[in-house]
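1. Return atomic coordinates for the entry below.
(2 chains)
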Amino acid sequence: MDMKKTISSELPKISRRKFLVGSAAAGGGLALGFSLPFGIGDAAAQSGAAASEVNIWVVVQPDDTCVIRIARAEMGQGTLTGLAQLVAEELECDWKKVKTEQITAGQNLARKRAWGDMSTSGSRGIRQSHDYVRRGGAAARMMLMQAAADGWNVPVGELTVANGVISHAASKRKISYGKVAAAAAKLTPPDPKGITLKPVKDWKIAGKGLRRLDTADKLNGKKIYAIDLKLPSMLHATVKDCPVFGGKLVSFDDSKVKGMPGVKAVMKVNDTTVAVVADTWWRAKKAMDVLPIVWDEGPNAKVNSASIAEHLKTGLTGSDAFAQIDTGDAPKAIAAAAKKIEAVYSVPFTSHTAMEPMNCTVRLLQDKAEIWIPTQSLEASLAALSSASGMPLEKCEAHVMDLGGGFGRRIGNQDVVRQGVAIAKAFPSFPVKMVWTREEDQAHDFYRPIAQARLAAGVDEKGNLAGLHIRVSGQSINAFANPAAIKDGKDIRQLQGLWPTLEGDAQIGYTHANLRTEYAMRNTHLPVGPWRGVNTNQNGIFMECFMDEVARLANRDPLEFRRSLMSERPKHLGVLNAVADKAGWGKPLPAGRFRGIAQFMGYGSYSAAVAEVSVSPKGEVKVHRCVFALDCGNVVNPDQTAAQIEGSVAYGMTTLHSEISVENGRVVETNFNNFRVMKIAEMPKVETVLVPTGDFWGGVGEPTICVVVPAILNAIHAATGKPVRSLPLSKQGLTLV
Amino acid sequence: MAKLNINGRTYNVDVEPDTPLLWTIREHVGLTGTKYGCGVAQCGACSVHLNGNVVRSCSIPVSAIKAGDKITTIEGLSRDSSHPVQKAWAAIDVPQCGYCQSGQIMAAAALLAKKPKPTDQDIDDAMTNICRCGTYHRIRAAVHMAAGNTKAKAKVAGTDAAPSDKTTV
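-> Numbers count the residues shown, from 1 in each chain, chains lettered A, B, ... in the order given. Model (predicted):
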C-alpha cells in the first residue's frame, strides 16, 4: 500500500502570475460578487473613498461613515455589536453610519498587539476590553474635535459634538467627522490614561437594546462563512482521523478511489489522519467514504462508558483528592447531625456540535502562509499556522471568518490548522479548503469533561445545615490541555463555581461553618476542553440539585433554605431574590405544574433561574417556562443579553436529551440521528430580568447556562418526588417533550 | 450533466447523478447560502424549496430532480430581503451565528405558504431545523410576526431592561 501522497497530474495548470492576478481580483471583493475578509482597509477599499485612520479603533470615511475595528471573534454572541456600541458611545458618532471591520492577527502582530488580546472565550470579549475600546472611541472624538478647532482657530473647549457633527455655537459653524478626519489622523493622540469616560448613566448608544449590526446578510444567504469561501484554483479536502483516540493510521488503499471523479490526492496528514483532496468537497467526501483504511486502534480500543464510569467512581472515595474549601469539620458535623443525606450525581461527556463543521482554508505561497478560519483565537491560529508551515510569524496571516457557532470548540486546540497546513503543503500556492463531515466533528471534539460527585450533608433538629461535603471526581481539562496550569497537583479549575473567593469569577454562593469541597482527578482517553460555561455546568448541577435535596430533608422551602446560607453573598442573593420575585415563587401554579430554582456564579456574573415543568405519568417532561435573573455588572445591549440567555437555555437543555458515550474506545453519537439536539418544540418560554449592580463587568455568553439544567431538574424533582441525579433524562425513564 | 431551474434561472451543471442537490447548489451553481450541517436530513441547514415544498437538499440526489422542477434557495426567496419572514427575522434580530438561519427561514416561508396563520403546534411540527445558538424562542415569535400577528414583538422576550423596540438612536 502506498503511504506516500499521490498528487494527481490533473492539477490546474496556472502560472504564478495569473494566480496572483486572480487573487488580487478576489481581494477586491468584486470579482466574486462578495466581500472577502482581507483585513482592515476592506471597508474603505469597497467604498472607493480615502478613509482616515484616526486611531487604531476608528476609521472615518469622507461620507462620515465610521468604521469601528473589532479585534474579537463574532460567533453569534453579539460581541461585534456590543463593542461597536461602546466605541460609538464615546466617539459620539451617528450610529446609523457605523460599520465594523475585523482586524487580522498579522495586523495585530505588526503593530505590537495594539488591539490587545484577540481571543474570544471565557465570556471575556466585552468585559475585558470595554475600558480600552471606550478610551479608543473617546480619543478619536477628541482628535476629531481638535482638528475642527484647529481649522476654525477656536479653543476646542468651545466646541460640542453630537451624532458625528461638531458645532461651534458662538460662530454657528458645524462640520461633520468625515470633513475633519484627515486632519485628525495627523494629530498626536491623547494619553488614554488621562481620558475621563462617560458615566454609564449618561449612555445613549451603549446600554440600549439596539439591533445587531450583522443581521442583514444572515437573512439572504449573502454572509460568507469560512465554509463558503471561494478562492481561485481552490482545492477541497476532507479528513478522517482514527476513530479511537490514541490509535494510529496504518495504511490506506488509494487504488480504490484514485480514479474517482475529481480526486486529486489521497494523503497521510499525520500519524492518525488521512485526507482526500478533490476538485469539490463532495467528491472528496464520496471518495473518503469508500477509502479502505487500516487503523491500529491502540490501547484504548476496549474502553467504554461503563469502564469510564467505574474509573470515575474510584475518585468519589479515593484518598488522592484535595480539598479547596475546608472550613470547620464537615464530615464530623455531618456524622453528628440529627438527619443526614448522601447522594451520587453523574454528568456525561457532551459535544459542542457547532452548526458549521470544523474547517479552514490554507494557502501556502513561497514567501507567505495564509489561513481563513472560524476561530475563537485568531492569534493562536496564526501561531499554529506558523509552526505547522515553518513560515516565520511575520510572513503569516490569519483571517477570522465569523463563526457558525463556537461554544469553546474553536479556542485553544488548533487541530484543524495543523491538518489544513499539512494538506496544503502538498499543493504549494493552491488554496486548500478542508471541511470536516458532521461525523468527524462529533467523533473528534474536545468534549465537555465527564464528572461524578458524591455529596453529603447533615441538618440539625431545627432544620439548619450542620455541614456540607462535596467531592467531585472527573476528568480535568487542564490535565489534557494545559498541565502547567495545575499548581501542586491541585486542579482547582474542575471546582469552578465552588471557589471560595471572587478570584476566577466563579465563587460559591454559600458560606457555612462546616463546608468542604474536594476534587479527585480521573482522566480518560477522550480529549476534553471548554464547553460553554465549562465546569460551572456540572458543578452547578451537583451543588444546586443537592441543595434542593438538603432543603427537603430539612423540611424547608428551597428558596428560603438557600437564603439562610447566603448572608455573606449579597450579589448571589440579589439575583436569587430577583428571579424568585419575577417568577412568582410560592404563588399557585396551574395543576400539574411545578417549580425548581437554582443560583450559581460563573464568568464574573451572577445567575439564578426558576423553571416550571410538568411531568406526565409516562415520564414526559415539558418545560413550560424559564425565568432568569442576571447580574453582569453593566449591560451593553440588553436585547442581546436576553438573546444569550435564551440561547443558553437551548444549549443547556440539549444535555437533558443527549450524551457522548463511548464504545470500543470511540464516540457512539456521530450525527444528529443519535445525538439528539433540542428543537423548537421543546423550547420553553424564556423571561429575563437584568439586575446590573454597576460596580463590575461580568460576562454574558456563558454565565446563565449553569443554572438552566439544575432549575429544570429541581422542578422535575418537585413534580415527581424523585431527584434526578444523572443525565441524560433517559437514564431515569424520562423524556423531554 | 443536469439541468436545474434555481431561483428562476437555468443552470447546466456537470455533476455525477448521485451528487446531492445541496452540493450541486453550493459547489457547481455557486450559491452558498444553503448550508451543510449533517448530510443526513436531520438538521435542516440545507433546506430549499422544491416546487414550493421545503426539502432537505443534502439528501436528494440531483438525479431525482425532474425537468420542470423549480428550486428556490435562500438567495431567491426575495430580491431584497423583503419576504415577510426575512423582515420579521430582522425586526426581532433572530439570528445569532446565523449559520442555520437560511434553512430556518426557508422552512418558515414554506410553512406560511401553506398555513398563513400557524398555531404554536403548527410551528413545532413544521420547524424541526436545528439551531445550536438557541434562537428558537425568537424564531417562534418571528413566524407569528411574519403571519401578521402584531403582538409577536411583545412576546419575544420578557426582558425588563430591554427597551429594544422603544430605543432609537
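
2. any idea how far residue A:543 is from the residue in the stretch 301-450 of chain A that chain B sits nearest to?
-> Nearest residue of the stretch 301-450 of chain A to chain B, counting by Cβ to the nearest Cβ: residue A:404, 3.2 Å away. In this view, the C-beta of every residue, glycine as well, is placed from N, C-alpha and C. Counting by Cβ to Cβ, to the nearest Å, the gap from residue A:404 to residue A:543 is 33 Å.

3. can you pull out the helices in chain B?
-> For chain B, the helices defined by DSSP state H cover B:21-23, B:84-92, B:101-114, B:120-126, B:136-146, B:152-155.

4. does chain A sit close to the third one?
-> When you say that, I think you mean helix B:101-114. Yes. Judged by Cβ under 8 Å from any Cβ of the partner chain, helix B:101-114 comes into contact with chain A through B:101-102, B:105.

5. Flag the shaky bits of the chain, pLDDT-wise.
-> Picked chain A for this. A:1-49 (pLDDT under 70).

6. um, chain B though
-> Along chain B, segments meeting pLDDT under 70 span B:150-169.

7. what's the domain layout of the chain?
-> Using chain A here. A:34-218, A:226-297+A:358-435, A:305-351+A:447-736 (automatic domain parsing).

8. Wait, chain B was what I had in mind.
-> Split by automatic domain parsing, chain B gives B:2-76, B:84-155.

9. Report the spatially nearest residue to the residue positioned nearest the centre of chain B, omitting neighbours in sequence.
-> Centroid-nearest residue in chain B, with Cα atoms, centre = their mean: residue B:106, separated by 2.2 Å. Excluding the flanking residues, the one nearest residue B:106 by Cβ to Cβ, 6 or more residues apart in numbering or on different chains is residue B:47, at 4.3 Å.

10. If we ignore the residues flanking it in sequence, what's nearest residue A:239?
-> residue A:275 (4.7 Å).

11. Name all residues that make contact with that neighbour.
-> Applying Cβ atoms under 8 Å, 6 or more residues apart in numbering or on different chains, we find residue A:275 in contact with A:237-240, A:265-269, A:419, A:422-423, A:434.

12. Give me the neighbour count for the closest residue to chain B within chain A.
-> Nearest to chain B, among the residues of chain A, is residue A:221, at 1.9 Å (Cβ to the nearest Cβ). Other residues near residue A:221 come to 23 when the count uses other Cβ atoms under 10 Å in any protein chain shown.

13. quick one: contacts for it?
-> For residue A:221, the contact set (Cβ under 8 Å, 6+ apart) comprises B:31-34, B:73-75, B:102.

14. so which of those residues comes closest to residue B:59?
-> Using Cβ to Cβ, residue B:34 is the member of those that lies nearest residue B:59, at 13.0 Å.

15. Distance check, the residue of chain B found nearest chain A against residue B:15.
-> Closest approach between chain B and chain A, counting by Cβ to the nearest Cβ: residue B:33, at 1.9 Å. Separation of residue B:33 from residue B:15 (Cβ to Cβ): 19 Å.

16. what does residue A:710 give?
-> According to Cβ to Cβ, residue A:710 stands 50 Å off from residue B:15.

17. Looking at these two, which one has more neighbours?
-> residue A:710 (29 against 24).

18. Make TSV from the contacts of residue A:221 and add neighbour count to it.
-> TSV is the format used below for those (neighbours: other Cβ atoms under 10 Å in any protein chain shown):
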residue	neighbour count
B:31	22
B:32	24
B:33	26
B:34	26
B:73	25
B:74	30
B:75	19
B:102	30
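
19. Okay, buried residues for stretch A:570-581 please.
-> A:571-580 (16 or more other Cβ atoms under 10 Å in any protein chain shown).

20. swap in stretch A:666-684?
-> Result for stretch A:666-684 [16+ other Cβ under 10 Å]: buried residues A:666-672, A:675-684.

21. circling back: wait, the residue of chain B closest to chain A sits on residue A:222?
-> Yes. If you go by Cβ atoms under 8 Å, residue B:33 and residue A:222 touch, sitting 7.1 Å apart.

22. overlap in contacts of the two?
-> Common neighbours of residue B:33 and residue A:222, using Cβ under 8 Å, 6+ apart, are residue B:75.

23. ok, now which ones touch residue A:124?
-> By Cβ under 8 Å, 6+ apart, the residues touching residue A:124 are A:117, A:603, A:699.

24. quick one, what contacts residue 134?
-> You didn't say which chain, so I picked chain A. By Cβ under 8 Å, 6+ apart, the contact list for residue A:134 reads A:86-87, A:89-90, A:197-198.

25. think we crossed wires, I meant chain B
-> A:646-651, A:678, A:683, B:96.

26. now do 6 Å
-> A:646-647, A:650-651 (Cβ atoms under 6 Å, 6 or more residues apart in numbering or on different chains).

27. Check the secondary structure at residue A:143 for me.
-> Here residue A:143 takes the helix state, with states given by DSSP: H, G, I helix; E, B strand; the rest coil.

28. okay but it is in contact with residue A:187, surely?
-> Yes. Using Cβ atoms under 6 Å, residue A:143 makes contact with residue A:187 at a distance of 4.9 Å.

29. who's more crowded, these two?
-> Per other Cβ under 10 Å, whichever of residue A:143 and residue A:187 has more neighbours is residue A:143, with 23 against 16.

30. Can you give me the end-to-end span of stretch A:61-77?
-> Chord length of stretch A:61-77, first to last residue, is 28 Å (Cα to Cα, to the nearest Å).

31. what does it rub up against?
-> The contact list for stretch A:61-77 (Cβ under 6 Å, 6+ apart) reads A:43, A:47, A:49, A:51, A:57, A:59-60, A:79-80, A:83-84, A:87, A:93, A:97-103, A:115, A:118, A:120, A:125, A:164, A:176-178, A:376, A:400, A:402-403, A:406, A:701, B:96-97, B:133.
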